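**Q** heads up, no residue letters with this:
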């Protein structure tokens, strides 16, 4: 039996919860993992929430986490922009959670779309035509495009729902401008953020997630162990057919308890 | 001097009006053309309005038109679907004007997106995330995709605004499904509708519009005369550089008066 991972990198949507419902057994399994001394980070392509909102949601589900243990594509994008781009102004096509993370990282927002150096595109579940049009103006005026992630759909309570790729497609297909960088899993910025927080080597970590293209692909490319859960966007038959082969396939994250034994 | 056209095919947005403002001299020029015995149709890629709404708008600007003289990508799309597809149900990503034209043509709307045979995508200036998501569901469930047009932007009072290509990009890039047919100019369905109503040959017609890719391209491909107006999406320098060379370049449709003399 291989040595058990010292660090857990856990996806959120479709893994810990799905919409407003927590996956049965998730909180128990995570609490047990924490009690066993495992370090845990939550790594999510959600770019429309800020970390405090996620922390509160986890807490409501019985899972205690520090804000710094929560790594979202919104917060990782904000960190990236603040680290490398000192004199930019940013326009967002996204929700308040994204702007909150940009503010926390000290990234200035532009007053007008035409003045933005970067357009940051994220999931926006309350997007309006005028917001799409402002993003169109920003890209058309020369703003570079950062996408918090490029997922086509995410698992919602009522089924797969249209994700950031839809917002990206609206802007790129009308402006002819490319996306300059995608932050989310399986990108290196997310892996770097997780490993930096865990202070572990990749082969000491287990990635747990429901997406072959995001979670499992990231783990495999970086040399982490991987566990696919079937509570989100992936079925067992799809997992069998994929080139991203996980080390484990679990019915749900509740299986983590058995893994730790 | 070449013989003057017997029929006029006149674009609306950027040619007759721009947002809520009418182009100065447009109504006079059109009234004079009608008084001289020219037949006139209005040919617009607007898929979010129905013909009665356009007729009222024209009337408010001093231009009298029959409903049958107004050819919109919404009404032409509805006619196309009702003529060739007898047993379909349709889901719309668009505005009430589009659904009104589908109803007038006897095309049944689906109750749920998953049950639609066709998804009709049009301009939607009040689009919401849930509407994008319903369209995503329809395409993901196998609905074929008809776009009323595929313009990237249209001229609004506050500048170029994101058009149907944005809605299309959101759906195609998240579902991987192609657009099966684009109705609007420069497509043959629009030309066929205009010539059918005018009862004229192509070389007896003059197309007047502000878009090289829609209006001038349609006129040239079908063998009509073409006049580009500079009151919409095209500048004189852009017109010079384009492969779609119009026969005339006019500052505005007011120039039609001089043409008729």
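**A** Right, received. Where do you want to start? Not measured: the values here are computed from a predicted model.
**Q** Low-confidence stretches in chain A?
**A** A:1-2 (pLDDT under 70).
**Q** 50 instead, please
**A** A:1 (pLDDT under 50).
**Q** mind listing what the residue most central in space within it touches?
**A** By Cα atoms, centre = their mean, the mean C-alpha position of chain A lies nearest to residue A:45, the distance being 1.5 Å. Shown in contact with residue A:45 (Cβ atoms under 8 Å, 6 or more residues apart in numbering or on different chains): A:13, A:72-73, A:148-149, A:151, A:154, A:164, A:184-185, A:190, A:214. (Each C-beta comes from the backbone N, C-alpha and C, glycine too.)
**Q** What about the residues you listed, which one has the most neighbours?
**A** residue A:73 (33 neighbours; other Cβ atoms under 10 Å in any protein chain shown).
**Q** Among the contacts of residue A:45, which one lies nearest to residue B:115?
**A** Nearest to residue B:115 among the contacts of residue A:45: residue A:154, at 23.2 Å, using Cβ to Cβ.
**Q** Can you pull the phi/psi pair for the closest residue to that closest one other than its chain neighbours?
**A** Leaving aside its sequence neighbours, residue A:154 sits nearest to residue A:163 (Cβ to Cβ, 6 or more residues apart in numbering or on different chains; 4.7 Å). Note on residue A:163: backbone dihedrals following degrees, to the nearest 10 are phi -120, psi -160.
**Q** measure the nearest residue to residue A:198 once chain neighbours are set aside to residue A:113 for me?
**A** In this structure, residue A:198 finds its nearest non-sequential neighbour in residue A:7, 4.2 Å apart by Cβ to Cβ, 6+ apart. Going from residue A:7 to residue A:113 by Cβ to Cβ, to the nearest Å gives 41 Å.
**Q** likewise residue A:169?
**A** Counting by Cβ to Cβ - residue A:169 and residue A:113 are separated by 18 Å.
**Q** how far away is the residue in the stretch 1-150 of chain A that chain B sits nearest to from residue B:123?
**A** Relative to chain B, the nearest point of the stretch 1-150 of chain A is residue A:136 (3.9 Å; Cβ to the nearest Cβ). Residue A:136 sits at a distance of 13 Å from residue B:123 (criterion: Cβ to Cβ).
**Q** re earlier: more neighbours, residue A:169 and residue A:113?
**A** Counted by other Cβ under 10 Å, residue A:169 and residue A:113 do not tie: residue A:169 has more neighbours, with 24 against 21.
**Q** how near is the more buried one to residue A:175?
**A** On the measure of Cβ to Cβ, residue A:169 and residue A:175 end up 11 Å apart.
**Q** I figured residue A:218 hits residue A:191, correct?
**A** Yes. Between residue A:218 and residue A:191 there is a contact under Cβ atoms under 8 Å: 5.8 Å.
**Q** shared neighbours, these two?
**A** Between them, residue A:218 and residue A:191 share the contacting residues residue A:185, judged by Cβ under 8 Å, 6+ apart.
**Q** between these two, who's got more neighbours?
**A** Between residue A:218 and residue A:191, counting by other Cβ under 10 Å, residue A:218 is the more crowded of the two (26 against 23).
**Q** gap between the more buried one and residue A:185?
**A** 5 Å.
**Q** what residues do the two have in common as contacts?
**A** residue A:191.
**Q** mind listing what the residue of the stretch 1-150 of chain A closest to chain B touches?
**A** A:170-171, A:174-175, B:153, B:161-162, B:166 are the contacts of residue A:136 under Cβ under 8 Å, 6+ apart.
**Q** Quick check on those residues: which are buried?
**A** Those of these that meet the buried threshold are A:170-171, A:174-175, B:153, B:161-162, B:166, by 16 or more other Cβ atoms under 10 Å in any protein chain shown.
**Q** Just send these back as a markdown table, with distance to residue B:77 too.
**A** Formatted as a markdown table, the buried ones among the contacts of residue A:136 follow (distance: Cβ to Cβ, whole Å):
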| residue | distance to residue B:77 |
| --- | --- |
| A:170 | 21 |
| A:171 | 25 |
| A:174 | 20 |
| A:175 | 25 |
| B:153 | 20 |
| B:161 | 21 |
| B:162 | 20 |
| B:166 | 18 |
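**Q** Out of these, which comes closest to residue A:51?
**A** residue A:171 (25.9 Å).
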